[in-house]
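Asker: Structure for this input, please:
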Amino acid sequence: MLGERIREIRKSRKMTLEALAGEELTKGMLSLIENNKANPSMESLAYIARRLGVEVSELLEDVSSQKLREVLDEAEKLYNKEIAIGEKSDKFKVLIALIEPYCENLSQGYESARLLEIYSRSLYQEKQDGWQELSQKAADMYDEMKLTAKRASIGIFWAMEKFVEHDYVESLKILLRERNHIETKHHFIDPMTRVDLDYNEAILHFAVGDSEAAAVVMENAIHFSKEHRIFYRIDDLYRLAAAHGLMMRDKQQQEHYVSKLRQYGDFAEDRQSIIFYDLFQALSFNSEGWESAKALEICDKYLTNPQTELAYRYWFLLEKGKSLFGMKSYQEALACFENVKIPAYAHHPYDLSLFYIKDSYKALCQIELGNLSDALESAKEAVDNFKSMPHTPYKDFANDIYKKVSATM
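Answerer: Down below sits the predicted model:
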């Protein structure tokens with residue numbers, strides 16, 4: 001109520017009743033107003049608002065802007081708290097409980113839009129209905145306030161919702177639609193938002209198998225980032241370009257961007273970039289065949305380190321299996337492949353292809369160990385997994401291994 005809002009704001013300003021009352025009100029009258037035992041005139045209300053440094057409309061709101069700012073501060077801290085992969089967390093349930101009581105009052109202003117966005121994303125994470133309508137409401141509010149970066153973030157989120165379902169065509173369609181909307185409605189797009197849109201568009205073009213369009217967008221994004229000296233997402237773009245070189249068997253492109261990734265990692269002291277540099281090195285050594293021992297050395301460096309995050313361990317375990325296969329240690333290699341799991345965050349066809357190939361290697365190991373029926377089952381599983389994937393040498397490899405195994409039956 002009005003009196004409670006006045007008291008709440010006064011206390012947040014660390015003002016006494018005497019200080020707020022000033023020369024135009026008495027302490028007693030102000031106390032009655034705060035306890036909802038007296039209604040101030042519009043003239044007195046305007047005076048109180050001036051003393052508090054707020055608009056009269058804020059005092060008359062069902063929920064004050066100050067209260068929404070406090071709720072948003074709490075929500076942001078919780079929402080931005082990182083959750084380790086594999087760790088269970090109730091943070092989205094807590095966010096829903098925190099924001100839900102205020103939903104009916106979230107109609108205007110940045111705080112309302114951002115709370116709606118966080119609330120809708122939390123509903124999505126908890127697989128609850130109604131998140132789409134609330135997300136659209138937040139997007140409309142960002143449009144109205146010309147908050148381009150926030151609006152773009154929601155558009156990308158809508159596209160990625162389909163991406164994690166592996167509906168890559170629909171995901172790209174949504175992203176292009178949202179990008180067109182943003183470029184039409186917003187006259188200025190800041191450089192980081194532009195790179196965000198470029199990066200996500202590039203990965204989706206690659207996902208649907210349009211490498212030509214993806215390469216153009218990706219190269220433009222790298223050039224734009226360097227030209228504007230923001231280097232935003234440059235590590236992501238280098239990884240994407242290196243992965244494209246790997247998939248297309250373009251060794252020159254792969255080595256160029258892997259080298260760039262290492263330079264960035266050293267310069268920025270970015271551990272993730274250095275880890276991916278080593279992973280690409282292991283991939284390259286294994287593809288050479290005769291350098292399996294070098295790949296194994298890299299993999300063991302990470303797998304024997306207890307501080308290596310689970311997010312990376314499966315990648316190196318997969319490469320260790322390939323290294324052991326190259327060294328003819330088939331039983332040990334098979335044990336590695338059996339323990340590899342596809343990380344929950346892996347949704348791009350490039351990432352999935354690298355993991356799907358493990359079943360082809362399992363088949364090769366099983367042939368060497370004389371387990372022909374198991375080999376055929378593994379080889380078929382790889383082919384089945386690759387069916388919906390765009391064409392890559394990895395998909396060809398899976399098909400070739402299946403034919404080879406079938407011929408031995």
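
Asker: residues of stretch 11-25 that come out buried?
Answerer: Using 16 or more other Cβ atoms under 10 Å as the test for burial, stretch 11-25 gives Leu17, Leu20, Ala21, Leu25. The C-beta positions use only the backbone N, C-alpha and C, and glycine is treated the same way.

Asker: so how far is the strand or helix carrying Phe267 off the chain centroid?
Answerer: In this structure, Phe267 sits in helix 251-268 according to DSSP states H and E. Put simply, helix 251-268 sits 23 Å off its chain's centre (Cα atoms, centre = their mean, to the nearest Å).

Asker: got the buried residues of stretch 11-25 as JSON lines, with distance to Glu161, secondary structure and pLDDT columns?
Answerer: What follows is those, written out as JSON lines (distance: Cβ to Cβ, whole Å; DSSP: H, G, I helix; E, B strand; the rest coil; pLDDT from 0 to 100):
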{"residue": "Leu17", "distance to Glu161": "51", "secondary structure": "helix", "pLDDT": "91"}
{"residue": "Leu20", "distance to Glu161": "48", "secondary structure": "helix", "pLDDT": "91"}
{"residue": "Ala21", "distance to Glu161": "53", "secondary structure": "helix", "pLDDT": "89"}
{"residue": "Leu25", "distance to Glu161": "53", "secondary structure": "coil", "pLDDT": "89"}
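
Asker: Any chance of these in a markdown table with distance to Ala295 as columns?
Answerer: A markdown table is the format used below for the buried residues of stretch 11-25 (distance: Cβ to Cβ, whole Å):
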| residue | distance to Ala295 |
| --- | --- |
| Leu17 | 74 |
| Leu20 | 71 |
| Ala21 | 77 |
| Leu25 | 79 |
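
Asker: does Met1 really touch Lys37, like I thought?
Answerer: No - contact criterion Cβ atoms under 8 Å: Met1 and Lys37 do not qualify, at 11.1 Å.

Asker: What segments of the stretch 151-300 of the chain are helices?
Answerer: 168-185, 191-207, 211-227, 234-247, 251-268, 271-288, 292-303 (DSSP state H, counting those that start in this stretch).

Asker: Go through the ones you listed and name the closest to Tyr314.
Answerer: Nearest to Tyr314 among the helices of the stretch 151-300 of the chain is helix 292-303; the distance by Cβ to Cβ comes to 10.1 Å.

Asker: what's that closest one packed up against?
Answerer: Counting contacts by 3 or more Cβ pairs under 8 Å, 6 or more residues apart in numbering; DSSP states H and E, helix 292-303 packs against helix 271-288, helix 310-326.

Asker: still on that earlier bit, need the helices of the stretch 151-300 of the chain in JSON lines (columns: distance to Gly370 and mean pLDDT).
Answerer: Formatted as JSON lines, the helices of the stretch 151-300 of the chain follow (distance: least, Cβ to Cβ, whole Å; pLDDT from 0 to 100):
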{"stretch": "helix 168-185", "distance to Gly370": "40", "mean pLDDT": "97"}
{"stretch": "helix 191-207", "distance to Gly370": "39", "mean pLDDT": "96"}
{"stretch": "helix 211-227", "distance to Gly370": "40", "mean pLDDT": "93"}
{"stretch": "helix 234-247", "distance to Gly370": "32", "mean pLDDT": "92"}
{"stretch": "helix 251-268", "distance to Gly370": "35", "mean pLDDT": "94"}
{"stretch": "helix 271-288", "distance to Gly370": "24", "mean pLDDT": "93"}
{"stretch": "helix 292-303", "distance to Gly370": "22", "mean pLDDT": "96"}
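
Asker: Count the neighbours of Phe157 for me.
Answerer: The number of residues packed near Phe157 is 17, by other Cβ atoms under 10 Å.

Asker: do Ile33 as well
Answerer: 22.

Asker: What of Leu116?
Answerer: Leu116, neighbours per other Cβ under 10 Å, totals 26.

Asker: ok now do it, which residues does it touch?
Answerer: Contacts for Leu116 (Cβ atoms under 8 Å, 6 or more residues apart in numbering) come out as Cys103, Leu106, Leu134, Ser135, Lys137, Ala138, Met141.

Asker: Repeat that for Cys336.
Answerer: Cys336 neighbours (Cβ under 8 Å, 6+ apart): Leu317, Leu318, Lys320, Gly321, Leu324.
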